[in-house]
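K.L.:
Structure, please.
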Amino acid sequence: MASSPLSSGTLVDCRAERHVASRKITIDASGVQHCRCKVCGCDLRRLPAMRRWFRSGMMG
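P.N.:
Next up is the predicted model:
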């Protein structure tokens, strides 16, 4: 099973929770990184020690 490169995400990838983070990243006082997905526009968060972006909000 070949995986798609991160730079060419699709809505199918977003539905599978494989989001593509935008380049504009903000960091809050506790060190959590925030940005938006390039494909679907949802809000994403990442802890400093983690490499994966997670969707934030009520369901994330």
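K.L.:
Helices along the chain, start to end?
P.N.:
Under the criterion DSSP state H, the chain contains helices at 11-15.
K.L.:
just the strands in the chain please.
P.N.:
Remark: strands assigned in the chain by DSSP state E are 26-27, 33-36, 43-46, 54-55.
K.L.:
For these, give me a markdown table that also has mean neighbour count and distance to residue 16.
P.N.:
Where C-beta positions appear, they are placed from N, C-alpha and C, glycine not excepted. Below are those laid out as a markdown table (neighbours: other C-beta atoms under 10 Å; distance: least, C-beta to C-beta, whole Å):
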| stretch | mean neighbour count | distance to residue 16 |
| --- | --- | --- |
| strand 26-27 | 10 | 25 |
| strand 33-36 | 17 | 18 |
| strand 43-46 | 18 | 14 |
| strand 54-55 | 14 | 12 |
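K.L.:
Chain neighbours aside, what residue packs nearest to the residue sitting nearest the centre point of the chain?
P.N.:
Centrality entry for the chain: nearest residue to the mean C-alpha point is residue 53, 3.8 Å, by C-alpha atoms, centre = their mean. Once flanking residues are discounted, residue 53 sits nearest to residue 44: 4.2 Å by C-beta to C-beta, 6 or more residues apart in numbering.
K.L.:
which residues does that neighbour bridge with?
P.N.:
Legend: beta-bridge partners of residue 44 under DSSP bridges are residue 35, residue 55.
K.L.:
Residue 11: which of the strands of the chain is closest?
P.N.:
Checking those against residue 11 by C-beta to C-beta gives strand 54-55 as the closest, at 13.7 Å.
K.L.:
correct me, but residue 38 touches residue 22?
P.N.:
Yes: using C-beta atoms under 8 Å, residue 38 is in contact with residue 22, at 5.1 Å.
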